[in-house]
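*Asks:* need a structure here:
(chains A, B, C, D, E, F, G and H, ligands or ions: 10)
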Amino acid sequence: MQLLSGNEATALGALKAGVRFFAGYPITPSTEIAEVMAEELPKVGGIFIQMEDEIASICAVIGAGASGMRAMTATSGPGFSLMQEGIGYAVMAEVPCIIVNVQRGGPATGLPTKVSQADVMAARWGTHGDHPIVALAPYSVLESFELTVKAVEFSLRLRMPVIILSDEIIGHMREVVKLPEEVTIYSPPPLTKSRDEYYHYDDDTNFDAPYAHFGQGYRIHLTGLTHRKDGFPTNDPKIIKWKLDRLLEKITKNREWLHLVDYQDLDSDTVIVSYGSSARSALEAKFEYEQRHNKKIGFLRLITIWPFHYQKLQSLLKNAKRVIVVEMNQGQMTREISRVIKHNAELINVNRYDGELITPEEILAVL
Amino acid sequence: MQLLSGNEATALGALKAGVRFFAGYPITPSTEIAEVMAEELPKVGGIFIQMEDEIASICAVIGAGASGMRAMTATSGPGFSLMQEGIGYAVMAEVPCIIVNVQRGGPATGLPTKVSQADVMAARWGTHGDHPIVALAPYSVLESFELTVKAVEFSLRLRMPVIILSDEIIGHMREVVKLPEEVTIYSPPPLTKSRDEYYHYDDDTNFDAPYAHFGQGYRIHLTGLTHRKDGFPTNDPKIIKWKLDRLLEKITKNREWLHLVDYQDLDSDTVIVSYGSSARSALEAKFEYEQRHNKKIGFLRLITIWPFHYQKLQSLLKNAKRVIVVEMNQGQMTREISRVIKHNAELINVNRYDGELITPEEILAVL
Amino acid sequence: MYKEIRLAGTGGQGLILAGVILAEAVGVYEGKKVIQTQSYGPEARGGASRTDVIISDTDILYPKARHLDILACLSQKSYDSYINDLKEGGIVIYDTFYVQATAANKGYGLPLAIRTRERFGREIFMNIVLLGALAEITGIVKIESLKKAVANHVPKVTLEHNLKALELGSEIGRGK
Amino acid sequence: MYKEIRLAGTGGQGLILAGVILAEAVGVYEGKKVIQTQSYGPEARGGASRTDVIISDTDILYPKARHLDILACLSQKSYDSYINDLKEGGIVIYDTFYVQATAANKGYGLPLAIRTRERFGREIFMNIVLLGALAEITGIVKIESLKKAVANHVPKVTLEHNLKALELGSEIGRGK
Amino acid sequence: MKIPEIFEFIRVDERLPHILCPGCGIGSAMNAMVRAIIESGLKNDDVCVVSGIGCSSRIPGYIDADTFHTLHGRAIPSATGVKLAHPELEVIVIAGDGDLLAIGGNHFIHAARRNLDMTVILINNFNYGMTGGQASPTTPQGKYAKTAPYGWTERNFDACAIAQASGAVFVARSTTYHVTHLRTLIKQAIKKKGFALVEVISQCPTLYGRLNRMGDAVKMLEYFRDNTISISQIKDPKEAEGKIVIGVLHDVEAPEYYETYKEIIRRAQAQKHHV
Amino acid sequence: MKIPEIFEFIRVDERLPHILCPGCGIGSAMNAMVRAIIESGLKNDDVCVVSGIGCSSRIPGYIDADTFHTLHGRAIPSATGVKLAHPELEVIVIAGDGDLLAIGGNHFIHAARRNLDMTVILINNFNYGMTGGQASPTTPQGKYAKTAPYGWTERNFDACAIAQASGAVFVARSTTYHVTHLRTLIKQAIKKKGFALVEVISQCPTLYGRLNRMGDAVKMLEYFRDNTISISQIKDPKEAEGKIVIGVLHDVEAPEYYETYKEIIRRAQAQKHHV
Amino acid sequence: MKKKYPSSKCVIGKNNVEICIIKEFCKGCGICVEFCPKDVLGLGKDLKVEVINIDACTGDRLCELRCPDLAIFVHKRKEG
Amino acid sequence: MKKKYPSSKCVIGKNNVEICIIKEFCKGCGICVEFCPKDVLGLGKDLKVEVINIDACTGDRLCELRCPDLAIFVHKRKEG
Ligand SMILES: Cc1ncc(C[n+]2csc(CCOP(=O)(O)OP(=O)(O)O)c2C)c(N)n1
Ligand SMILES: Cc1ncc(C[n+]2csc(CCOP(=O)(O)OP(=O)(O)O)c2C)c(N)n1
Ligand code: SF4
Ligand code: SF4
Ligand code: SF4
Ligand code: SF4
Ligand code: SF4
Ligand code: SF4
Ligand SMILES: [Mg+2]
Ligand SMILES: [Mg+2]
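*Replies:* Numbering: from 1, shown residues only, chains lettered A, B, ... in the order given. Ligands and ions are numbered 1, 2, ... in the order given. Below is the predicted model of the structure:
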């Protein structure tokens, strides 16, 4: 048993999942992740490097990720905005890596020490161009550990960046946890093809397939330009479409296992939808309400924020007459939920965006 | 009459609207805007400066905008991603400025010389935190001129950045145009309050109000931290909510005049929705269809991309049984449209994202 | 059992560390469920700073204290801000040098700053002194558990002083 | 009238500039509606390059040429790529040094490269030569309008050469 | 008391005491800066003070003038916009070592190259104060920081040398112990036309000082006092080894950016207008 | 013909002829680089060539090794990740003047400071080739560029001086005329442990050359031939005025980043594990 | 808003030097105390600066110039 | 994929020096032509390099080293 903060647990999860490269730039409220990595990575022979900024950090992480290392960076709003171009590159060149965004209040410098969940849409749409993304939101210290392990797996399986959307409350909150001694750690299957047969972006390699990295003798070429299956740039419309579809299919074909969700009592009339730290307030509100009124309230917590699995959520919410979305922003996830609820269901928004954790009382007020 | 490209017209529109400061960094397919500015600005005593990157460019533009100059930058996808943090700052500190994004294929370096409309969502959600934005999409050379003039007006009235979402086709396409000799140019009302009475972010100053800038003796303080009405940082939840609501209200209270749209024949069963260069293909398809079938097709072109005026679009599309969204991305605007169409209306997507302009034939195929 | 505790004062007084130590003491060494959060401003020193520790036998969801069972204040501002969050019958502890108590519930005014300065020359260990006093007064945690937790969180060279501070606090708490 | 024209070759041959000049000539100096677009790769030189010019009496919406009335090719690759886009009865013009015509519609094979080199030592004005020839063969634009447009788009020091190139093209077009 | 002249330039009400830690050198640097401004004969409305993000970057918020607290690392490009819009304003950038040299390093060298007239005051406290004491590009090898728990092994920048190599026309260094000297340097920098840098060696007793067992603010100032050498006193480079070299390190003349830009305007206007 | 040895290192099929313009100096620099790699005894799988975006940055696509065409300006931090993941790889960065010194300037100085072992080949063609001939941080004053229609008035960087001030251990310059010399310098840079820079003065006849009426590639090479002076031949700094100084400009020893990082690992492992 | 100035407490010495202290601003760092060449200053019970030997003050203003918190000011009263 | 090498045309001179040209790669920039100390090379009608005086070639390989397009190669045949 140990008392750990969410940020510490994220770092330990990464170490457990085999992350051996961390490049970052300090920013509140994510800095403790870097600090733990600075202390722990050398002990296991891994690399911690503090870069000159967030752009350099994401690029170094991509470089290491493309070289076969499990690589991670951690940041918050302003740094996350700066990383957007790099994240797009990792998507395009199909480089696995982990970006932790411990959300704080924005926009701009905003509220460095205060909580927010307002980077939900930035995680999905922050970089230019059509691109899929995976983002996971932990809601406890233990889950910060577990989801980091998952994120590493997802990222390696899909060959793409995975974002951990933590927040200031989760990152700084301390709980007593028992971390698992052993976790199953994914490794991509070994490469069996020889260099002459190998295509870095072959039709069957967009997920769960072996792939090469630098330093292995496969002489791969990575570029952020649209490219052919051998990695070299092309302007051929057919190949471009193939490539962008390939990226998209990583998500569409794998929604089922990518989409993590936690729920209870969904046959109730009223269902609360939430995620991250605000889901703690929501669950507290559910229990307090049930205690007082002897009536069940449904509860649905999104663990996988992106992809947003429309069909699945539609079916999970099909009985709800009232859906209450609880989030600490001006209604970002509410936009998505609005598209999955029944046409005659009522959609209620409980938002807070003043740097304070939403309270159970605020949710109880609309129940 | 002159033969001008969209990019040239954008630059000339800016000059006409009184833009006297341009800071930028070259990037295809936007570079001609910088090149025209480099040539023309000195002639009118304005400032052209080529910065070391896009981050420096947006910051210099913000600095000039905060100093009372009409200031602009122009870029494309990768540079747009890099500017996101700065755009968020301009929103937060309420600094008027213009960002032109001449869209090319993404993600990442993507397709530098080819068209795309895949930065629609990045324009709205690119930077972290809750933030409103205004984005306008020209569809002709003349409109490139006109919307730039409008963008300057909107930006000054709302005290916020305005994005011009052009694209490679519009930017590089040349048409013969007659630019208006005179255009009405907005200026914020003159400041009448003395320094002692003045608050830079007073309750009644979020739009159409006078405001101070550097160099005027008002000793204003700008920060990207959440701040009070006098501009100084605060962590007070009430004030933070006031500030973020203030930003949002700029949009919610001004939707009517901000929302520019162009339409014909909306009482038809089928309505095509499009914007930017793909709207040209859409309109061509409409006419070709009508010629062949003697049946009207509705056409709705979004000029203002953001804000997306749900109520207005809902009412404009209320008669449509089939809505066909034509865009050059994987369906970004379609997501928004899906929320405004009638529940039993059919939503069809004509997308293309291979760097080529969508053809009228592709649209005719679904009509 | 469900106890909500808040330690509040100004940045630099080490209250967040005190909260962490308290949480670890009850959570790791006494097997309780515990959650610790903090709230602080951008200042490294001087701004308002507070930490909440919730101790429970069952899972804790909402991590912030709402109805305080115990409030400890090392600054007037924090006292004024939070005294109204104290439950009926809740315990308030405050330093008599920094705080002028105004509430009906007079609670425990302790000479933490003065005694700390007397003992250590500076106020540097006042956070730990507070913990000792709080343990004695509220019984929420054992001094033994605090000792173990302190050992995990302070540099080795200062451990002895910190343990002395704990004792000093416990003395003060016991009214000595 | 609705005419779709495509000039195609490799980067560095100046075809985009030729398209611009053609568009300006018919648009500004002959009062037609006109739209000019281009398609090119990242290469400053050497890659495929093409420009489309659409000329019409009425508004032009879709800005790319689809059913070519006129196709001019200065490279084999461009000829092969676009010859099938030529309308029935459309006119194809190509340079005989760079292009081996294969289509049934034999069109106009012209010694543009050779004659340009003869006259100017290099192929540098071949784009303008092409315009002269195209004007003569298709009648789509007047040489006079081209002259004015050329003057707006080339450095003053090279204007004379460019006008000569136009004349050379017109000679070639007239079969001289 | 009679109101101290310095308060004319300070937003005293509500804003003070400032958020910096007790004994933080940034306050002394601010003190010196404001006096330098006043002694330069500048009035409040002649000045714009610009910063990025960090403890040092909080200073503008206390100065009673136009003040611009921009993004982390972006003080210089933001100041560039202000200066070009209002060439008559004296634009002073105040920045931490992380802000100016880590994330903002590129703007720093390019501004030096362009030689736009501005005064940059670098508060070098050898670490990232605001975020809690991480290593910075100026952290000396062997020192401890929150991201250097085993001692920092990276080499550190000499900001003055880089500024000079990049084109700065005035480069100087002092410390928060040598406040009178510091004030004089800032005055010289303000007076200088072009890009002028003053590096202020400063104490962060709360983090860097504590992590490296350097004692409190007073002890750190004693260290600065005892380990400094003035550039004018160095006869043999050996004497400077291990010492903080203070004084004017570089002072040359070169055409200022806006002056040369005026030449562009002149050339452009000599031709006829398109617009 | 017998297959030229250089083709062992070139992705000849499909990829050549490359996309660069006729007479572009970047090709000559590539030619020299590949020969230097071969002569250093490196095999294809020992090398990773990394670039950003630009004409120069297209080179990796032609090298038959692991190659990494990253984002504009980001070759160095990307290469940092590769090198630290595979310290045994010889990491070579090839970059244009815009890529390395404009958008990438900060990474450049920080990599020099850290002294991570890599070889950086800067192809300085005095402008942004890929985007069509805009001014760059190396464009000399008075020259024309697409964004300098009235002549460039900004001062230009001396990349070698900045690298040196920032901590680079090996700094050298040559031109695309002096290809044998260039090859030798690249070999030295490869051999050097630490951050090594070779600046290659190169011709962009299509844009910079044309805009400045410098004639074709041949004329530009003649200019390089006739306006160059070797560092070893300079007796009086006056001799170098207006000339391109070539040769090894700086060569010192300093601890390499990864070597010092190993020391951190040693220290960390001497303590017990948390994980 | 109109500027409000803080209030201070001043002491005047024999030699006409006045030292004014704004307690509210002082953070008790001790810099002025330690580097006063004449040991004029000290830290009080409240851990803030106080004047302990005004008559020794030479009016060199080193305390004022070094104070990071603008909490101490020295000036010489005009004679007569 | 297996590597395919381009084909070239070679000429051998009296002094056993062989010059090989890959026309497909040559862009006719003229660099090799202009800087060949012995005027061995020229540009052909197709604007690409050709050997015009093989026997003058000294085999110094300057053309090969300077060619930006890897289009020309020189080597000395082993005697005998
Ligand atoms: C883009 C971005 N990255 C990181 C941060 C977090 N951050 C705030 S201040 C700072 C560094 C402060 O160090 P320095 O500039 O030396 O100033 P000091 O606090 O030491 O005066 C950092 C990394 C931020 N605000 N924005
Ligand atoms: C973020 C970003 N900004 C701008 C560009 C556009 N861009 C591509 S290459 C280039 C500069 C090329 O100049 P240089 O690095 O000198 O290389 P050269 O082409 O001259 O070899 C620019 C600005 C880009 N691709 N990405
Ligand atoms: S943390 Fe350091 S730099 Fe920041 S205010 Fe405190 S002492 Fe000063
Ligand atoms: S544009 Fe210039 S740098 Fe680019 S390939 Fe052509 S000649 Fe070379
Ligand atoms: S220097 Fe200033 S803050 Fe420090 S003790 Fe003296 S008066 Fe107080
Ligand atoms: S003015 Fe000088 S002598 Fe007087 S108290 Fe201040 S430092 Fe001491
Ligand atoms: S240098 Fe190379 S490309 Fe140029 S002419 Fe000679 S062989 Fe051809
Ligand atoms: S090897 Fe030397 S002599 Fe022979 S052709 Fe080449 S450059 Fe001329
Ligand atoms: Mg610092
Ligand atoms: Mg270049």
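*Asks:* Neighbours of the closest residue to residue G:14 other than its chain neighbours, how many?
*Replies:* Among residues not flanking residue G:14 along the chain, residue G:55 sits closest, at 4.9 Å (C-beta to C-beta, 6 or more residues apart in numbering or on different chains). C-beta coordinates here come from the backbone N, C-alpha and C atoms, glycine included. Other residues near residue G:55 come to 13 when the count uses other C-beta atoms under 10 Å in any protein chain shown.
*Asks:* and what of residue A:81?
*Replies:* Neighbourhood size, residue A:81 [other C-beta under 10 Å]: 33.
*Asks:* That one against residue A:126, yeah?
*Replies:* Yes. Using C-beta atoms under 8 Å, residue A:81 is in contact with residue A:126, at 7.0 Å.
*Asks:* any low-confidence regions in chain G?
*Replies:* Within chain G, the ranges that satisfy pLDDT under 70 run G:1-2, G:79-80.
*Asks:* That one: strands as residue ranges?
*Replies:* When assigned using DSSP state E, the strands of chain G occupy the ranges G:9-12, G:17-21, G:41-43, G:49-51, G:72-76.
*Asks:* and for residue A:81 and residue A:126, which residues touch both?
*Replies:* Shared contacts of residue A:81 and residue A:126 (C-beta atoms under 8 Å, 6 or more residues apart in numbering or on different chains): B:84, B:126-128.
*Asks:* Looking at the residues you listed, which two lie furthest apart in space?
*Replies:* Within those, two members stand farthest from each other by C-beta to C-beta: B:126 and B:128, at 8.8 Å.
*Asks:* more neighbours, these two?
*Replies:* For residue B:126 versus residue B:128, the count of surrounding residues by other C-beta under 10 Å is larger for residue B:128: 34 against 27.
*Asks:* Are we agreed that the more buried one is in a strand?
*Replies:* No. Residue B:128: not assigned to a strand; according to DSSP: H, G, I helix; E, B strand; the rest coil it is coil.
*Asks:* Pull the number of nearby residues for the nearest residue to residue C:13 once chain neighbours are set aside.
*Replies:* For residue C:13, ignoring the flanking residues on the chain, the nearest one in space by C-beta to C-beta, 6+ apart is residue C:74 at 5.3 Å. Burial measure for residue C:74: 27 neighbouring residues, criterion other C-beta under 10 Å.
*Asks:* same check, this time on residue E:137
*Replies:* By the measure other C-beta under 10 Å, the count of residues near residue E:137 is 26.
*Asks:* repeat for residue E:16
*Replies:* Per other C-beta under 10 Å, the neighbour tally for residue E:16 reads 18.
*Asks:* Quickly list what's touching both of residue B:126 and residue B:128.
*Replies:* Taking C-beta under 8 Å, 6+ apart as the contact rule, residue B:126 and residue B:128 both touch A:81, A:122, A:126, B:84.
*Asks:* what two of those residues are the furthest from one another?
*Replies:* A:122 and B:84 (8.0 Å).
*Asks:* So for those two, which residues contact both of them?
*Replies:* In contact with both residue A:122 and residue B:84: A:81, A:84, B:126-128, using C-beta under 8 Å, 6+ apart.
*Asks:* and the shared contacts of residue B:126 and residue B:128 as a markdown table, adding secondary structure?
*Replies:* A markdown table is the format used below for these (three-state DSSP):
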| residue | secondary structure |
| --- | --- |
| A:81 | helix |
| A:122 | helix |
| A:126 | coil |
| B:84 | helix |
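*Asks:* So which of those residues reach ligand 9?
*Replies:* Of the residues in the shared contacts of residue B:126 and residue B:128, proximity to ligand 9 by C-beta under 5 Å from the ion holds for none.
*Asks:* follow-up on the earlier one: reformat the shared contacts of residue A:122 and residue B:84 into a markdown table and put pLDDT and distance to residue C:146 next to each item.
*Replies:* Putting the shared contacts of residue A:122 and residue B:84 into a markdown table (pLDDT from 0 to 100; distance: C-beta to C-beta, whole Å) gives the following:
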| residue | pLDDT | distance to residue C:146 |
| --- | --- | --- |
| A:81 | 98 | 43 |
| A:84 | 98 | 46 |
| B:126 | 97 | 48 |
| B:127 | 98 | 45 |
| B:128 | 98 | 40 |
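*Asks:* Run through the residues you listed and flag the ones next to ligand 3.
*Replies:* Among the shared contacts of residue A:122 and residue B:84, none lies close to ligand 3 by the criterion of C-beta under 6 Å from any ligand atom.
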